[in-house]
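Trainee: build me a structure from this.
(one chain, ligands or ions: 1)
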Amino acid sequence: MRSLIDILELSTSELDELLSTANDIIANPKKYAHKCDGKKLATLFFEPSTRTRLSFEAAMMELGGNVLGFSEAASSSAAKGESIADTAKTVSCYADIIAMRHPKEGAPLVASMNASVPVINAGDGGHNHPTQTLADLLTIYREKGRLNNLTIGLCGDLKFGRTVHSLINAMSRYEGIKFVLISPDELKIPSYVKNDVLEKKGIPYSQTTSLEESMSQLDILYMTRVQRERFFNEEDYLRLKDSYILDLPKLKNAKADLCIMHPLPRVNEISVAVDNDPRACYFKQVLNGKYMRMALILKLLEEAAK
Ligand code: CP
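Mentor: Residues are numbered from 1 along each chain as shown. Alright, predicted model coming up:
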C-alpha cells in the first residue's frame, strides 16, 4: 500500500505528474468533481492546524468524497493511551485514505506500517511536511515557470522548520538550484540536512544571519515562523522570535520578480503591509496546497485500487 511520508518517496517524474494534474484541476475543476464519489478521507490531527487539515478536507469534498476525523489528540482515544498502530488499524476500517499530523517524528510512518489504506504525512514534529512542499512546488512553478535555475533564500527557523527541510530535499533534485540559508546561529539548518543533502549532492549554499545583505540575489524568499511549540524554554523563544521581520523597506533591493513565500501561519515575520506587494505569494501558496492535495489523493487512491 503506497503512502506518502517523505517528499523523496516521489520521483521527479511523479512530481511533474502531480503538478500537471493540479494545473489541470485548476483549469477544469468540473472534470474532477466526482472522481472520489463514495470515498472517505480521515484527517487525524494530533497537533493544531488550519491550512493543512482544512485544505485536505476541502480537497476531498471538491473531488466528490466525504471526510471524517478529529482535530486534537484530546478528542481521540489517544487521550486514553491508544497507540498510533491501533489508531491506524481502526481508522482503516472506516476510511479509504488517512492524512495524519502528529508532534512525534515518525508517527505517520508507524501509522502507514499498520494501516491498510494509504497514509499521508501532514506534518510530523520538526521532521517532514511533504504536502506543504507540494504546495510550495506548485507555487514556484506557477510563479516562476520553472523549478530549476533558482536562488532560494530560506529565512528564520531553519532548525525546527519541517517545511524547510522538505523543500530543500525536493529542490535539491533540480538543476541550477542555489540556497541562501538565513537564520540566527541558534536556528541554523541541522547537520542531517546540511551534510546529508547539501554537501553530499554538491548543492551550492551559503549561510548568513543577514536578510538585507542576501535580498538582491534571491528569486524566491521563503520566510518561516520561529515556532514556540518546538522550544524547550520560553526565554530562548522570546529572544529569537523576532529575529527577522520582512517589511517594505527591506524589499528595496529585491528583484522585481521575487516570489515571497511562507508556509503560514505567520506571527510577526512578514509585515501585513507586504501583503499588497505583487511579490507576496503566500496566500496563493495556501490555495495551491488544496490543488496539490487533490492531485495527491487521486494518485494514492488510484494506486491503492490497482
Ligand atoms: N502550513 C501549515 O502547515 O499550516 P497549518 O499548521 O495551519 O496546517
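Trainee: pull the contacting residues for the residue nearest the centre of the chain.
Mentor: Relative to the mean C-alpha position of the chain, the nearest C-alpha, by CA atoms, centre = their mean, is the one of Gln132, at 1.7 Å. Gln132 makes contact with Thr52, Gly123, Arg162, Thr163, Ser166, Leu167, Pro263, Gly289 under the criterion CB atoms under 8 Å, 6 or more residues apart in numbering. C-beta here means a position set from N, CA and C on the backbone, and glycine is covered the same way.
Trainee: just Ile140 next, same as before
Mentor: Taking CB under 8 Å, 6+ apart as the definition, contacts of Ile140 comprise Leu147, Leu150, Ile220, Cys259, Met261.
Trainee: wait, a helix at it?
Mentor: Yes. With DSSP: H, G, I helix; E, B strand; the rest coil as the criterion, Ile140 is assigned to a helix.
Trainee: gap between it and Met171?
Mentor: Relative to Met171, Ile140 is positioned 8 Å away (criterion: CB to CB, to the nearest Å).
Trainee: what pLDDT does the model give whichever residue of the stretch 101-250 of the chain sits closest to the ligand?
Mentor: The stretch 101-250 of the chain approaches the ligand most closely through Gln132 (5.2 Å), counting by CB to the nearest ligand atom. The model reports Gln132 with a pLDDT of 96.
Trainee: so, low pLDDT: which residues of the chain?
Mentor: Regions of the chain meeting the criterion pLDDT under 70 cover residues 230-231.
Trainee: in it, which spans are strands?
Mentor: Under the criterion DSSP state E, strands of the chain are mapped to 40-45, 66-70, 97-102, 119-124, 150-155, 177-182, 205-208, 220-223, 259-261.
Trainee: what residue in the stretch 151-300 of the chain comes nearest to the ligand?
Mentor: Pro263 (3.9 Å).
Trainee: tally of neighbours for that residue?
Mentor: 27 (other CB atoms under 10 Å).
Trainee: residue contacts, the residue lying closest to it once chain neighbours are set aside?
Mentor: Distances taken as CB to CB, 6 or more residues apart in numbering put Thr163 closest to Pro263, at 4.3 Å, once the chain neighbours are dropped. For Thr163, the set of contacting residues under the criterion of CB under 8 Å, 6+ apart consists of His129, Gln132, Thr133, Asp136, Thr224, Pro263.
Trainee: for the ligand, what are the nearby residues on this structure?
Mentor: Near the ligand, the residues belonging to the chain are Ser49, Thr50, Arg51, Thr52, Gly123, Gln132, Pro263, Leu264, Pro265 when assessed by CB under 6 Å from any ligand atom.
Trainee: buried stuff in stretch 133-153?
Mentor: Neighbour counts over stretch 133-153 (16 or more other CB atoms under 10 Å) mark 133-144, 147, 150-153 as buried.
Trainee: fine, thanks again, bye for now.
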